[in-house]
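Enquirer: Just to be clear, the model below is a prediction. Sequence and coordinates:
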Amino acid sequence: MSVELAAALPAVVLVLGLVLASVAWARNAVIAADASALGARVAAVEGAAAARAAVERVVSGAVVEVNTSVSTVAVAVTLPGRGWLPHARGRSVAVIEP
């Protein structure tokens with residue numbers, strides 16, 4: 001019994017580590033999506049500088065891009081991944097208030 005456990009334990013630890021890493025990445029993706037929605041709402045009313053400040057105040061270490069057209073504003077938020085995890089990105093678009 002102990003030989004089988006010793007042989008299988010590294011695989012169990014590896015799978016657990018992968019599951020925890022994917023949960024951490026999914027959490028960052030949700031945070032990036034929420035932050036981009038916040039930034040788009042703020043940018044539509046107060047402008048791009050206020051949107052950047054609001055997102056950076058809420059999410060530290062985020063890279064914020066604000067693109068404004070005639071009637072819409074798009075905000076993209078990128079959170080760097082930890083270690084080997086990919087970056088988490090969120091993008092939202094809002095209509096500019098007149």
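Expert: Great, that's in hand. Numbering: from 1, shown residues only.
Enquirer: those strands in this structure, which residues are they?
Expert: In order along the chain, the chain carries the following strands (DSSP state E): 63-68, 72-79, 88-95.
Enquirer: same for the last one, what does it pack against?
Expert: Pointing back at strand 88-95 there. Where contact means 3 or more C-beta pairs under 8 Å, 6 or more residues apart in numbering; DSSP states H and E, strand 88-95 is packed against helix 2-46, strand 72-79. C-beta coordinates here come from the backbone N, C-alpha and C atoms, glycine included.
Enquirer: Apply 10 Å and report the result again.
Expert: Under the contact criterion of 3 or more C-beta pairs under 10 Å, 6 or more residues apart in numbering; DSSP states H and E, strand 88-95 touches helix 2-46, strand 63-68, strand 72-79.
Enquirer: Strand 72-79 and that strand, what's the angle between them?
Expert: Relative orientation of strand 88-95 and strand 72-79, computed by axes from the mean of the first three to the mean of the last three C-alpha atoms, to 10 degrees: 170 degrees.
Enquirer: And for the first one?
Expert: In terms of direction (the same axes, to 10 degrees), strand 63-68 departs from strand 72-79 by 170 degrees.
Enquirer: how about the helices and strands packed on strand 88-95, which one is nearest Arg52?
Expert: strand 63-68 (4.9 Å; C-beta to C-beta).
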